[in-house]
Every structure is written in C-alpha cells, then in structure tokens.
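A.B. asks: Can you look at this prediction? I've put the sequence above it.
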Amino acid sequence: MKKSILFIINPVSGGKKKDGVPALIEKYLDKGVFDHEVIYSTAENSIRSIAKKAVAVYDIIVAVGGDGTVNETASALAGTDKTLAIIPYGSGNGLARFLNIPLDTVKAIKNINTGRTEIIDAGKINNQWFFNMAGLGFDAHISEVFSHDKQRGFKAYFTSSIQEFSNYKAQDYHIEIDGCAYDREAFMLSFANSSQFGNNAHVSPSASLHDGLIDVCVVKPFPGYRLFEMGLRMLTKQVESSAFVEIIRGKHVKIKRKSPGPIHLDGEPSIIGDEIEINMFPHTLKVIVGDHYKP
C-alpha cells in the first residue's frame, strides 16, 4: 500500500518564495510509494492546526519552512506513530542541518523518497515542545527582536544580533539539574537537544538526539572584543573549550530568574514567567533523516 503524505508549506518562512515547490513535489516525489497532498498555512489556518488534523489522516507530514514551522508541525506529531519530514526553507534550519537533510529543495524531496527514519528525543519547557534548541537570555532576546523585523533571513538575524549585543546585560539564574544546584550569571542559557542553533553554529558540539539528556549550555558574560572569537568557536565546534562556556547535562532542569521574560523554542519567541521547568522525553518523534546522519 502507498503511504499518504501531506506537505504543509509556510509561505512566509525564511523570506523565501515557495511558489514552485508543489511542481517540484509533483516531479520528484516517488508516486509509486506516496499519495500526496499540499496545503499552504495561513493566519486563519495555522501550521499547528493543520498538523493536528493531519495526524488522523496521513502517515507522513512534511514541514516546508524553517525551524518554527518544524516546531509547530512536530508538536502535533510528538508521541504519535506518524512521521515528520522536513524541506528546509528557514533562516537557520538548525534541526535539518543536524539531521543532514539537504537544503536544496529537489534533494530534500528525493531524500523523503528514501524513507530513512530515526526516532529522536524531544523536550518541553513549561509544557511547550522543542526539538532542536531552546534558550533564555541573549538568544531569546534576539528571537523576540527578530520576530518584529520585516526583513527575514540570516543577514537580518546577524544584523540584529550585532546591534543588540552591546546593550544586553547578563542575568542571574538559579539552576537545578537532576537535583544539583548551580547559581550562575549568564549572557545566555541554551538548552541543546541537537548541537546547533542553525547556520552551522554549534553551541554544544557533543549533543545527541538519542541520549535522553538535555545539554544546558551556560554562556558566561564575555567582553565585546571576544565576540568574533566566540562566533568562530561555534562555527568550528570548539566552543566547549572556551572559559566562557559551561555545559551540564541532565534529564530534568528547573530555573529561577528575577523576572518574567522571553524564551525561545526552536527559534520562536515566547514570554513566560520567572520559573522555568524543562523535561526530556526520549524517543518521542519519528523523523526522516538525511543520508549521512549518524545517531
């Protein structure tokens, strides 16, 4: 029997046009294996809403968009027997890159034809799913600022980061990881399920989607003249050796900060209170991976 597959296209993600995607799907998807449909998300018919309904109908649901599109789609699939696939169209494409899913649309469609599937871990922050990376501090602040920017893409994100860096102040956090307490002043706290934010910037190079653990990455305040060095370390997977970075792994994390503020879940900003709880859910999401992905 053929498998049923739904492509959910986010028309605004990454600032990239996707008008030609349905024709590419029609041309390169293996019709001997799949019966497919395509739907565009809208303000009235959100990705999450479409994905929730799709779980009852389709075997595979494809997120055509960026990390936020992946998050909304995967949130509906987590814990079910349905499979996520990704055609990357975002600014960073963190999870897709980590899973070695091709960034080229035609190659990503052909990759779906292979059906190579892994079951990966997922996490929740205050009962909200994330699958790649979540965080507090500077990266959450940038996600919030960037969400109001009319310009999309890596260049706009990078520009926002540089503009905001000099004005952002580190914060104090009380952190409990599997019952052990840590008090830290941090420029940002990243919770890494995979290793990278996106654009091949790795905040926790040893992170795994299959170990049942979250990597709590404490990035301590550092002087502005070392910003380039920190960026270079992330791009070359050398950040763990920095004196400004501490990585602690665990299954259950509690955090207290002085006041409510932004967080991000897979790059999408949200405002939550001063107490944050993170729980890991091993082997929760089925996803089609790239050819060279090694768990």
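C.D. replies: Sure, I can see it.

A.B. asks: Tell me the confidence at residue 165?
C.D. replies: Looking at residue 165, its pLDDT stands at 74.

A.B. asks: ditto for residue 16
C.D. replies: Looking at residue 16, its pLDDT reads 78.

A.B. asks: That one: neighbour count?
C.D. replies: 17 (other Cβ atoms under 10 Å). The way it works is simple: take the backbone N, C-alpha and C, and place the C-beta from them, glycine included.

A.B. asks: what about it, distance to residue 107?
C.D. replies: 16 Å (Cβ to Cβ, to the nearest Å).

A.B. asks: swap in residue 238?
C.D. replies: Taking Cβ to Cβ, one finds residue 238 at 29 Å from residue 107.

A.B. asks: ditto for residue 37
C.D. replies: From residue 37 over to residue 107 (counting by Cβ to Cβ), the distance is 22 Å.

A.B. asks: Isn't residue 261 up against residue 275?
C.D. replies: No - using Cβ atoms under 8 Å, residue 261 is not in contact with residue 275; the gap is 11.8 Å.

A.B. asks: joint contacts of the two?
C.D. replies: Shared contacts of residue 261 and residue 275 (Cβ atoms under 8 Å, 6 or more residues apart in numbering): none.

A.B. asks: neighbour-wise, which of the two wins?
C.D. replies: residue 261 (16 against 12).

A.B. asks: Could I get the contacting residues of that one?
C.D. replies: Taking Cβ under 8 Å, 6+ apart, one finds 136, 140, 271-272, 274 in contact with residue 261.

A.B. asks: what do you get if the cut-off is 10 Å, keeping everything else the same?
C.D. replies: 136-137, 140-141, 144, 171, 271-274 (Cβ atoms under 10 Å, 6 or more residues apart in numbering).

A.B. asks: Repeat that for residue 100.
C.D. replies: 111, 116, 289-294.

A.B. asks: Dump the residues you listed to TSV, plus secondary structure.
C.D. replies: Shown next, in TSV, are the contacts of residue 100 (DSSP: H, G, I helix; E, B strand; the rest coil):
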residue	secondary structure
111	helix
116	coil
289	coil
290	coil
291	coil
292	coil
293	coil
294	coil
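
A.B. asks: a markdown table for the residues you listed, including neighbour count, pLDDT and distance to residue 92?
C.D. replies: Below are the contacts of residue 100 laid out as a markdown table (neighbours: other Cβ atoms under 10 Å; pLDDT from 0 to 100; distance: Cβ to Cβ, whole Å):
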| residue | neighbour count | pLDDT | distance to residue 92 |
| --- | --- | --- | --- |
| 111 | 22 | 98 | 19 |
| 116 | 15 | 97 | 23 |
| 289 | 22 | 98 | 18 |
| 290 | 18 | 97 | 16 |
| 291 | 12 | 93 | 21 |
| 292 | 7 | 89 | 20 |
| 293 | 15 | 95 | 18 |
| 294 | 6 | 90 | 21 |
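
A.B. asks: on that earlier part again, confidence-wise, which of the contacts of residue 261 comes last?
C.D. replies: For the contacts of residue 261, the pLDDT minimum is residue 144, 68.

A.B. asks: In which helix or strand does residue 27 reside?
C.D. replies: Here residue 27 sits within helix 21-28, counting by DSSP states H and E.
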